[in-house]
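# When you get a sec, could you give me coordinates for this:
(chains A and B)
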Amino acid sequence: MGEQVMAATRVRFAPSPTGYLHIGGARTALFNWLYARHTGGVFVLRIEDTDAARNSLEATEVILSGLRWLGLDWDEGPVSPDAATSGKGDYGPYFQSQRGEIYKRRIAELKDKGLAYEAEGAIKFRMPREPIVIPDLVVGDVRRELTDREALEPDFVIVRSDGQPVFHLVNVIDDLEMKITHVIRGEDHLTNTAKHIALFRAFGVEPPKYAHIPLILNPNGSKMSKRDVGASLQTYVDEGCVPEAVVNYLCLLGWSPKENREKLALADTVKLFDLPQVLRHNARFDLDKLRWLEAEYLRELPEDRFCQLGEQALRKAGVDLTRFSPEYIHAALATCKGKIKRFADLAGYAGFYFAQEIVIPAEAAVEFTPEALARLRKFREALAALPEFKAAAIEAALKAVAVALGVKAGLLVHPTRLAVTGATAGPSLYHLLEVLSKESVLRRIDAVLARG
RNA sequence: GACCCUAUCGUCUAGCGGUUAGGACACUGCCCUUUCACGGCGGUGGCACGGGUUCGAUUCCCGUUAGGGUCGCCA
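Modelled structure (predicted):
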């Protein structure tokens, strides 16, 4: 009796370098990665750069950096975007542009078997005329009949007249050679899978297991393409999104952890994720829900990481931080944690900390009535007299002035905030005043009092 | 045109023959509060339609409709 060695799961993500990583592609990568990690298998990254004209180093780098940003590490595949460098893993090369010899050998094999033939300079594959059943782990058995056009000519081109093998062929050869056990990909590939199954059989091997996952659609239900809002992963990177939030959101499109769970750590998803629970219907992309998750993750970020990412976001937004100490920047950002919903909002929210001069919008300046300015002057005096410029002391001073004037604290809070930050909303007033320092606060208040 | 997949609040979803059809986002009312945000308590809103099967269908079957995908010498 031969010993049966349990073969490890081998899945792959096989993107074509087009210059951007589609959000749907990112989710396909994620589901593959999740399945590999869930089963203790291997996640392979393969670059399908057959179309030499439109591939480039930069286009491949977009994919590698996108996956890294999401935290999806691959066990086999390229280590650099340069196809000339060898990747990691025993089944390379992992760039299709480097696998020409393998394809040649396999094409010859098909010809030898009489399953492929020349036609007008190209090579065609003899496709079976009978319906093919596609066993799909998500959809179930799909019996694929020939369409009317296919019935006219069931055979299809596998090598172009210029000698280049086409997607269907190389995809199958690579999956075969790389010993892929599960093909997890978008549902747009479902009907073409009949071709792939026929090809596998032509090579004399059983096809891998298939799992076709539903597509991500625009909010209006149309297909999400390059130009659509949110379609490119890069926009999330550029906006300073928290990658964990994006990953969490992507998990929720087309898969459900059940039990009414929405927010879940990747480690939990790895435990829970499995193919049979993948949904069968397409999902529409909901930016609002992504934003909500983002805000949730942002709020829970450890302070150090929040400040680090926040500083990045400020720099990206063009805020000049060179005049400020790391301690000041850290203290300023710390007052924003738990308040902002996304880093893209940070410059607008905390820019006053780093501004030379506070500009007060005309529509807000109407708040500075003579009475308000008089109260502000009183509070300014109280602040000037403070021996220690700390939040608690500032709050006590403000409350005391309010009592003395017989007004609600809010009547002091609002004009002060406006004078010092130029905004009607922002971090806790007492804390932001402390961070700004007495000198800076008094200067800003004086500027308002001076204009009268 | 043909072939394939799908169908629960606006959106993401739970449900797998008997439920007041549950949750989340969004919207909204109230409370909390120095602003904003958070948080707490409510509210609006859904089984696409028509036939079956069944004592009983959101749930099973068929059809219709709608949406999506595919049928390339694109990937």
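# residues in contact with whatever residue of the stretch 251-400 of chain A ends up closest to RNA strand B?
Of all residues in the stretch 251-400 of chain A, A:His281 sits closest to RNA strand B, at 2.8 Å by Cβ to the nearest atom of the strand. In this view, the C-beta of every residue, glycine as well, is placed from N, C-alpha and C. If you count contacts by Cβ atoms under 8 Å, 6 or more residues apart in numbering, A:His281 has them with A:Pro214.
# Need the three-state assignment for it.
coil (DSSP: H, G, I helix; E, B strand; the rest coil).
# any idea how far it is from A:Thr18?
Distance, A:His281 to A:Thr18, by Cβ to Cβ, to the nearest Å: 26 Å.
# burial of A:Ala391, as a residue count?
Using other Cβ atoms under 10 Å, A:Ala391 has 16 other residues around it.
# That one contacts A:Ser428, correct?
Yes - shown here, A:Ala391 and A:Ser428 form a contact pair, counting by Cβ atoms under 8 Å, at 7.5 Å.
# returning to what we had before: and the pLDDT at the residue of the stretch 251-400 of chain A closest to RNA strand B?
Per-residue pLDDT puts A:His281 at 95.
# That one and A:Val435: what is the separation?
From A:His281 to A:Val435 the distance is 50 Å (Cβ to Cβ).
# now swap in A:Ser161 and tell me
Distance of A:Ser161 to A:Val435, given as Cβ to Cβ: 69 Å.
# Also A:Asp446?
Separation of A:Asp446 from A:Val435 (Cβ to Cβ): 19 Å.
# between these two, who's got more neighbours?
The residue with more neighbours, out of A:Asp446 and A:Val435, is A:Val435; 22 against 13, by other Cβ under 10 Å.
# residue contacts, that one?
Neighbour list for A:Val435: A:Tyr328, A:Ala331, A:Ala332, A:Thr335, A:Tyr353 [criterion: Cβ under 8 Å, 6+ apart].
# can I assume it sits in a helix?
Yes - membership of A:Val435 in a helix is supported by three-state DSSP.
# what's the burial count for the closest residue to A:Ala350 other than its chain neighbours?
Distance criterion Cβ to Cβ, 6 or more residues apart in numbering; nearest residue to A:Ala350, sequence neighbours excluded, is A:Cys336 at 5.1 Å. The number of residues packed near A:Cys336 is 22, by other Cβ under 10 Å.
# Just the element for A:Ala267, please.
Using DSSP states H and E, A:Ala267 falls within helix A:266-272.
# Let me know whether A:Thr60 touches A:Val79 as I believe.
No - in this structure, A:Thr60 is not within contact of A:Val79 by Cβ under 8 Å, at 11.6 Å.
# Which of the two has more residues huddled nearby?
Shown here are A:Thr60 and A:Val79; by other Cβ under 10 Å, A:Thr60 has more neighbours (22 against 14).
# quick one: contacts for A:Asp188?
With contacts defined as Cβ under 8 Å, 6+ apart, the neighbours of A:Asp188 are A:Leu215.
# So it, which state does it fall into?
What three-state DSSP gives for A:Asp188 is helix.
# State the pLDDT value of it.
For A:Asp188, pLDDT reads 95.
# Distance of A:Ile63 relative to A:Thr85?
Separation of A:Ile63 from A:Thr85 (Cβ to Cβ) stands at 15 Å.
# Around RNA strand B, which positions in the stretch 101-250 of chain A sit nearby?
Residues of the stretch 101-250 of chain A found near RNA strand B (Cβ under 7 Å from any atom of the strand) are A:119-122, A:139-140, A:142-150, A:153, A:156-157, A:160-162, A:164, A:166-168, A:187-192, A:214-215, A:217, A:219, A:221-223.
# nearest spatial neighbour of A:Val229, skipping sequence neighbours?
Spatial nearest neighbour of A:Val229, excluding adjacent residues (Cβ to Cβ, 6+ apart): A:Leu287 at 7.1 Å.
# For that neighbour, grab the count of nearby residues.
Applying other Cβ under 10 Å, we find 11 residues neighbouring A:Leu287.
# Can you give the contact residues for the host helix or strand of A:Ile102?
Per DSSP H and E, A:Ile102 falls inside helix A:100-112. The contact list for helix A:100-112 (Cβ under 8 Å, 6+ apart) reads A:116-117, A:123, A:125, A:158-159, A:165, A:169-170, A:173, A:177, A:202-203.
# Now do the phi/psi pair for the residue nearest to A:Val229.
Phi and psi for A:Leu287, reported as degrees, to the nearest 10, are phi -60, psi -30.
# In contact with it, which residues?
Contacts of A:Leu287 (Cβ under 8 Å, 6+ apart): A:Pro219, A:Val229, A:Gly230.
# How far away from the center of its chain is the helix holding A:Ile102?
Here helix A:100-112 is found 38 Å from its chain centre; the criterion is Cα atoms, centre = their mean, to the nearest Å.
# Point to the helix or strand of chain A where mean pLDDT is at its lowest.
Every helix and strand of chain A was ranked by mean pLDDT, DSSP states H and E. The lowest is helix A:362-365, at a mean of 85.
# Return the set of buried residues in that one.
Residues of helix A:362-365 classed as buried: none (neighbour count, 16 or more other Cβ atoms under 10 Å).
# cool, stretch A:85-94 as well?
Using 16+ other Cβ under 10 Å as the test for burial, stretch A:85-94 gives A:Gly87, A:Gly89, A:Tyr91, A:Gly92, A:Pro93, A:Tyr94.
# so is the closest residue to A:Tyr117 other than its chain neighbours in a helix, a strand, or just coil?
Spatial nearest neighbour of A:Tyr117, excluding adjacent residues (Cβ to Cβ, 6+ apart): A:Lys124 at 5.9 Å. Assigned with three-state DSSP, A:Lys124 falls in the strand class.
# Likewise for A:Glu206?
The assignment at A:Glu206 comes out as coil when based on three-state DSSP.
# Look up the pLDDT of the residue in chain A sticking out farthest from the centre for me, please.
Residue farthest from the centre of chain A, counting by Cα atoms, centre = their mean, is A:Ala404 at 53.6 Å. With respect to pLDDT, A:Ala404 scores 91.
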